[in-house]
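Asks: sharing a model prediction with you, sequence too.
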Amino acid sequence: MPQSKPVNYVDADPDILAVYDDIMATRGIDDVNNFWKHIANHPLTLKRTWENVKEAMAPGALDSLTKEMILWR
């Protein structure tokens, strides 16, 4: 089965960098994890997935830590 190669920040196109920067700013982290780096091989999927996750993680009835535990379990 073919394996994708991660798209690292230094190798990313401007569209991917914009999403990476938004992920890092929103989550308060210094680098994106491998999940994001691998789906960045398809920039539209990266953007769509991040927008959906960002919306789901917005403030609501559950705190963000609980949501993250459910999302990434």
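Replies: Nice, thanks for sending it over. Numbers count the residues shown, from 1 in each chain.
Asks: my read: residue 34 touches residue 5, true?
Replies: No - using Cβ atoms under 8 Å, residue 34 is not in contact with residue 5; the gap is 10.8 Å. Glycine gets a C-beta too; all of them are placed from N, C-alpha and C.
Asks: buried ones in the lowest-mean-pLDDT helix or strand in the chain?
Replies: Least confident helix or strand of the chain, by mean pLDDT, DSSP states H and E, is helix 64-71 with a mean of 80. For helix 64-71, the neighbour count (16 or more other Cβ atoms under 10 Å) marks residue 67 as buried.
Asks: which elements pack onto it?
Replies: Judged by 3 or more Cβ pairs under 8 Å, 6 or more residues apart in numbering; DSSP states H and E, the packing partners of helix 64-71 are helix 43-56.
Asks: buried residues in the helix it packs on?
Replies: Across helix 43-56, burial judged by 16+ other Cβ under 10 Å covers 43, 46-47, 49-50, 53.
Asks: Serialize those to CSV and add fields for distance to residue 30.
Replies: Putting the buried residues of helix 43-56 into CSV (distance: Cβ to Cβ, whole Å) gives the following:
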residue, distance to residue 30
43, 22
46, 19
47, 21
49, 20
50, 17
53, 18
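Asks: quick check, nearest of those to residue 21?
Replies: residue 50 (10.8 Å; Cβ to Cβ).
Asks: could you report the pLDDT at that closest one?
Replies: As predicted, residue 50 sits at a pLDDT of 97.
Asks: ok, and the closest non-adjacent residue to it?
Replies: residue 19 (5.3 Å; Cβ to Cβ, 6 or more residues apart in numbering).
Asks: what does that neighbour show for phi and psi?
Replies: phi -70, psi -50 (degrees, to the nearest 10).
Asks: contacts only, for it.
Replies: By Cβ atoms under 8 Å, 6 or more residues apart in numbering, the residues touching residue 19 are 36, 40, 43, 46-47, 50.
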